[in-house]
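**Q** Pasting the sequence and the predicted coordinates here, then a few questions.
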2 protein chains.
Amino acid sequence: MSKQIVGSTPKSDGFHMPAEFEPQEEIFMVWPCRTDNWRNGAKPVQDQFANVAKAISEFESVTMLAPHEQYENCRAHLPSDIRVIEMSSNDAWCRDTGPTFLIDGKGRRRAVSWTFNAWGGLVDGLYFPWNDDDLVAEKICELTRTEYYRTEGFVLEGGSFHVDGEGTILTTEMCLLSKGRNPAMSKEEIEHMLCEYLGGEKVLWLKDGIDPDETNGHIDDVACFVRSGEVCCIATKDKGHPFYEASQAAIKQLSEMTDAKGRRLKIHQLCCTGKPVFMAGAESIDRRRGSRMRRNGELCIASYANFLICNRAVIVPQYDDENDGLALSQIQAMFPERKVIGVRTREIVYGGGNIHCITQQMPKI
Amino acid sequence: MSKQIVGSTPKSDGFHMPAEFEPQEEIFMVWPCRTDNWRNGAKPVQDQFANVAKAISEFESVTMLAPHEQYENCRAHLPSDIRVIEMSSNDAWCRDTGPTFLIDGKGRRRAVSWTFNAWGGLVDGLYFPWNDDDLVAEKICELTRTEYYRTEGFVLEGGSFHVDGEGTILTTEMCLLSKGRNPAMSKEEIEHMLCEYLGGEKVLWLKDGIDPDETNGHIDDVACFVRSGEVCCIATKDKGHPFYEASQAAIKQLSEMTDAKGRRLKIHQLCCTGKPVFMAGAESIDRRRGSRMRRNGELCIASYANFLICNRAVIVPQYDDENDGLALSQIQAMFPERKVIGVRTREIVYGGGNIHCITQQMPKI
C-alpha cells in the first residue's frame, strides 16, 4: 500500500516519529555520484559511503538506492547482504530527501514526504533541478508499501529536526525560518506544522546551526537526543574554533530548556575536531551552472555530532583528527549499551554532510 | 540477501520451478514505453498494461517496474494498491527478462537469471542493445532479497518453457535450437541445462511454435499445463488459419507424449481467433536502427493460450474477435475452480506478445 493520505495529519491519526534510539527495521542510503559536488569523479566518496553502509550492516539491514547509470558499479562496491535498488536522485542525502517514518500505538507505520527544494530553492539552494530528490521519499514508501502524508508546498528536510519520541522536537531558527523554505509562514505556523506532522507537543528552538551557507544550520550537526531527557551537544573551549560561538550558545540555550514532559535536559558535551577541516582538491570537481561551486580553503562542517544511532550501535564520523578518539570515547560514555563504531568520512564532509545526513532509519513495528 | 550462488545448480541444491497453477506471492510487470516498438507513443498499450495489472491485482499483489522517465506517468495510471518501483529496462517483457523463481521442500525461494539477448542477439534479436533487460532478473532478486543462480552465456527466456512442477518441462525446438541463442550446444546439452536449472526430469519437445520471426516459437503462445497431467493447446479446424498446421502438429505430438511421472497427457483444446489479427497503424511507430521494424499487414501472434494463471483466477487475452467468448468459456471449463477474466489486449499483441509474456509470478513459500 503506497497510498497518499489526504485530509488528516499524522498527529490527528495517532502517529508520531519515534526517536532514533528506538528499535529500527532498516537503514536507507542513496549512492553518491554527482561529479559537480564530489571530488575526483565521486570515486573516493563512493568508497566512504560503502564503508558507512558496511559498518551499519553489521547491526541492521541496509538498502542502498543507486541511479541507473551507477547501479552496477554500486552493486560491485557492496557486499551481497546490502540490498541495492535502482532509484534516480539528484544527490545522495537520504536524511533530507527520504521519508520521515512514523509509528502509532497499534503497530502501524506511515511516513511523511516533505517538499524538498535542495536546501533553499531558488533563494539559496545548492543545485537545480531537484525534482528527482523530491520523489525519493515517495519511492521509498512504494518500496516499503508505506502509506504517506505529503506536505505539498511546506519545505523541510529530515536533518533539520530531532525528536525524543515523547513529544519533544529540537530544531534551529537559522534553518526553519530561512528565506528559502517557508518565508510566508510565521514561527508559530511552522511550529504547528512540526507538531502535526511529527506528532509532537513542544518545539525547542536553538537559534543557530554551524553551517549557515550549506543547509542553513541543520540541527543534526549540533545536537541530538541520546535518550529521554538527555541531549548530546557539540562543545569546544577553543575560542578560535569556527564552531565556538554557536556551540557555546547552543549549550546555554539547551541548559535553560525543558522537554515536552517538563524535564530539564541533561546535556552531554561532545568535542569538536582539534583542527577545523578545510576544503581541498576542489579543482577536481566538475563545474555546472546551477550548482554551488566548492572552493579550496572553505570551511567544512566536520562535526562529530552527525552520527547515526542504529540498533545496538552508533556510527560516528572520523576525520583523521587528533580528537577522533576522544569523540568516540565521549559517545561511548553516552551510549554504554551500544557499540560505537568510527568510520573515516572526510570525503563525505567535503560534499557537505556526514553519516547522519546520508542515512534514514525505518523504525521497527 | 541478493547473493549470486556459484558452484552448484538449483537441482543439485534441491530447488525446482513450481507450476504456474501453484500458490503465488506476487506478480511482476514492466511498464511499456519504447516508441520504436509500440504504436502512438506507447500510450494505448500503457492503458492495456494498466488494465492487465488491475485485473490481476483483484486477486494478488502486483509490482510494476517503470523506468525513470516514465515513473510518474506510470504511478498516475495505476491504483495505489499496485506498487510501482523504478527500474530501467529495454522493453516490457517480464516473462522473458524477469527471474524464474524456484522453491525447495524447506520453504525457501531462489531464482534463475538467464542470459537474455533480445530473442536472438545479433543473429535475429529484436532490438539492440539489451543490457538493461539483462539486469532485470537480478534487480528483481535484489528487490525481493532472493538468492539467484546466473546462467552466464546460456541464453533463455521464461516464455520459452512451461513446467508442471513435478519434473516435466515443455518447450519447442524452434526456439531452443535457434541459431541466435545457444548454437554451440547440442539438444542433449540444452536439455541437461533445463533440467538442472528448472529442477526437472524430462523435457517434452514440441517441434514448432507459431511465431518464427518474433520469439522463434515460444511455447507460451501454443500450450501450457492446466494441472498435473493435463495441458491446454491451441486448435483450429480452419485450414486457412495461419496457426492451423502448427497447432495440429502440436496436438498430435502432445497426444503421443508421457510426462515425467509416466502419465499420458490429457489435452484441452483452446480455440484460435476467428480472424487472424494483422498489424495496423505501424506508421506511428518510431524508426530506430537496431530495432525490428513493424509493417502494416504483418501477422500478429494473437493466441488465447498466452493467459496468466494467478491465485484464484486466469487472466485471458481478448482481441475484439468473434471467438473471444468461446475462448473464455473453454478456459473456464479447464479451470472450474478459478475466475476467468478477459482483458482486451490488441495493443499488446501489436507489440509482439500478450498477458503471459508481460507477467512473471513469484511463488508463495
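**A** Noted; the coordinates are in hand.
**Q** Would you pull up how far stretch A:354-365 lies from the middle of the chain?
**A** 8 Å (C-alpha atoms, centre = their mean, to the nearest Å).
**Q** can you check stretch A:239-249 too?
**A** With C-alpha atoms, centre = their mean, you get 21 Å for stretch A:239-249.
**Q** Now do it, average pLDDT.
**A** Stretch A:239-249 shows a mean pLDDT of 97.
**Q** Now do the end-to-end distance for it.
**A** One end of stretch A:239-249 sits 13 Å from the other (C-alpha to C-alpha, to the nearest Å).
**Q** Can you point out the buried residues in that stretch?
**A** A:241-244, A:246-248 (16 or more other C-beta atoms under 10 Å in any protein chain shown). For every residue, glycine as well, the C-beta is placed using N, CA and C.
**Q** can you check stretch A:165-184 too?
**A** Buried-residue list, stretch A:165-184, by 16+ other C-beta under 10 Å: A:165-178, A:180-182.
**Q** Filter the residues you listed down to the ones in strands?
**A** Counting by DSSP state E, the buried residues of stretch A:165-184 place A:168-172 in strands.
**Q** so which strand or helix has the residue in the stretch 251-365 of chain A that chain B sits nearest to?
**A** The nearest approach of the stretch 251-365 of chain A to chain B comes at A:Met362, 14.8 Å away (C-beta to the nearest C-beta). Using DSSP states H and E, A:Met362 maps to strand A:360-363.
**Q** Which strands and helices lie in contact with that strand?
**A** Packing contacts for strand A:360-363, counted by 3 or more C-beta pairs under 8 Å, 6 or more residues apart in numbering or on different chains; DSSP states H and E, involve strand A:24-30, strand A:100-104.
**Q** what bits of chain A have low per-residue confidence?
**A** Low-confidence segments of chain A (pLDDT under 70): A:1-2.
**Q** mind checking the longest strand of it?
**A** Longest strand in chain A, counting by DSSP E: strand A:147-155.
**Q** mind listing the helices for chain A?
**A** A:43-57, A:71-77, A:94-97, A:121-124, A:131-143, A:173-176, A:187-198, A:244-255, A:324-334, A:346-350 (DSSP state H).
**Q** Tell me which residues are up against the third one.
**A** Under the criterion C-beta atoms under 8 Å, 6 or more residues apart in numbering or on different chains, residues A:28-30, A:65, A:89, A:116, A:119, A:133-134, A:136-137, A:157-160, A:215, A:220, A:353, A:356-360 lie in contact with helix A:94-97.
**Q** about what we covered before: what's the closest of the ones in strands among the buried residues of stretch A:165-184 to chain B?
**A** Nearest to chain B among those, with distances taken as C-beta to the nearest C-beta, is A:Ile169, at 29.3 Å.
**Q** Thought A:Glu196 was touching that closest one, still the case?
**A** No. Between A:Ile169 and A:Glu196 there is no contact under C-beta atoms under 8 Å: 11.0 Å.
**Q** At the contact with chain B, which residues of chain A appear?
**A** Applying C-beta under 8 Å from any C-beta of the partner chain, we find that chain A lies next to chain B at A:1-4, A:67-68, A:71-72, A:75, A:80-81, A:83-88, A:132, A:135, A:139, A:142-143, A:145.
**Q** do that again at 6 Å, thanks
**A** For chain A, the residues in contact with chain B (C-beta under 6 Å from any C-beta of the partner chain) are A:2-3, A:68, A:80, A:83-84, A:86-88, A:142.
**Q** from the residues you listed, which two are the most distant?
**A** A:Lys3 and A:Ser80 (32.4 Å; C-beta to C-beta).
**Q** Just give me the neighbour total for A:His162.
**A** For A:His162, the neighbour count with other C-beta atoms under 10 Å in any protein chain shown is 24.
**Q** who's it bridged to?
**A** Beta-bridge partners recorded for A:His162 (DSSP bridges): A:Leu170.
**Q** same check, this time on A:Asp104
**A** Here A:Asp104, judged by DSSP bridges, has bridge partners A:Phe15.
**Q** Burial check on it, number of neighbours?
**A** Neighbours around A:Asp104, by other C-beta under 10 Å: 15.
**Q** Look up how far A:Ser284 lies from it.
**A** 48 Å (C-beta to C-beta, to the nearest Å).
**Q** ditto for A:Gly353
**A** The separation that A:Gly353 has from A:Ser284, given C-beta to C-beta, amounts to 19 Å.
**Q** Comparing these two, which residue is more hemmed in?
**A** A:Gly353 (28 against 13).
**Q** Report the contact partners of the more buried one.
**A** Counting by C-beta atoms under 6 Å, 6 or more residues apart in numbering or on different chains, A:Gly353 makes contact with A:Trp93.
**Q** how about a cut-off of 8 Å?
**A** A:93, A:95, A:159, A:214-215, A:301, A:306.
**Q** Selecting buried members of the residues you listed in PyMOL, what would you type?
**A** Buried members of these, defined by 16+ other C-beta under 10 Å, are picked up in PyMOL with:
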select buried, chain A and resi 93+95+159+214+215+301+306
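**Q** what sits against A:Ala313?
**A** So A:Ala313 contacts A:55-56, A:58-59, A:338-341 (C-beta under 8 Å, 6+ apart).
**Q** want to try a markdown table for these, with distance to B:Thr258 and neighbour count as columns?
**A** A markdown table is the format used below for the contacts of A:Ala313 (distance: C-beta to C-beta, whole Å; neighbours: other C-beta atoms under 10 Å in any protein chain shown):
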| residue | distance to B:Thr258 | neighbour count |
| --- | --- | --- |
| A:Ala55 | 58 | 20 |
| A:Ile56 | 55 | 26 |
| A:Glu58 | 54 | 14 |
| A:Phe59 | 55 | 18 |
| A:Arg338 | 63 | 17 |
| A:Lys339 | 61 | 14 |
| A:Val340 | 66 | 19 |
| A:Ile341 | 61 | 21 |
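**Q** Out of those residues, flag the one nearest to A:Gly41.
**A** Looking across these and measuring by C-beta to C-beta, the closest to A:Gly41 is A:Ala55, at 23.6 Å.
**Q** how far away is the closest one from chain B?
**A** A:Ala55 sits 19 Å away from chain B when distances are taken as C-beta to the nearest C-beta, to the nearest Å.
**Q** Surely that residue is in contact with A:Ile341?
**A** Yes. A:Ala55 lies in contact with A:Ile341 (C-beta under 8 Å); the separation is 5.0 Å.
**Q** Which residues are in contact with each of the two?
**A** In contact with both A:Ala55 and A:Ile341: A:313, A:315, using C-beta under 8 Å, 6+ apart.
**Q** Apart from its chain neighbours, what residue comes closest to A:Arg109?
**A** A:Ile365 (4.8 Å; C-beta to C-beta, 6 or more residues apart in numbering or on different chains).
**Q** repeat for A:Pro129
**A** Nearest one to A:Pro129, counting by C-beta to C-beta, 6+ apart, is A:Asn90 at 7.0 Å.
**Q** burial count for that neighbour?
**A** A:Asn90, neighbours per other C-beta under 10 Å, totals 24.
**Q** can you give me phi and psi for it?
**A** Dihedral angles of A:Asn90 (phi, psi; degrees, to the nearest 10) stand at phi -100, psi -30.
**Q** From A:Gly125, how far out is it?
**A** 11 Å.
**Q** Identify the contacts common to these two.
**A** Joint contacts of A:Asn90 and A:Gly125 (C-beta under 8 Å, 6+ apart) are A:Ala118.
**Q** Chain neighbours aside, what residue packs nearest to the residue in the stretch 151-300 of chain A positioned nearest to chain B?
**A** Going by C-beta to the nearest C-beta, chain B is nearest to A:Glu152 of the stretch 151-300 of chain A, at 14.5 Å. Leaving out its chain neighbours, the residue that sits closest to A:Glu152 by C-beta to C-beta, 6+ apart is A:Thr115, at 6.2 Å.
**Q** Equivalent analysis for A:Pro23, please.
**A** A:Lys364 (4.1 Å).
**Q** The one you found touches A:Gln24, doesn't it?
**A** Yes. The pair A:Lys364 / A:Gln24 is scored as a contact, 5.9 Å apart, by C-beta under 8 Å.
**Q** With neighbour numbers in mind, choose between the two.
**A** A:Gln24 (22 against 15).
**Q** Counting neighbours, what do you get for the nearest residue to A:Gly105 once chain neighbours are set aside?
**A** Leaving aside its chain neighbours, A:Gly105 sits nearest to A:Gly14 (6.5 Å; criterion: C-beta to C-beta, 6+ apart). Using other C-beta under 10 Å, A:Gly14 has 15 other residues around it.
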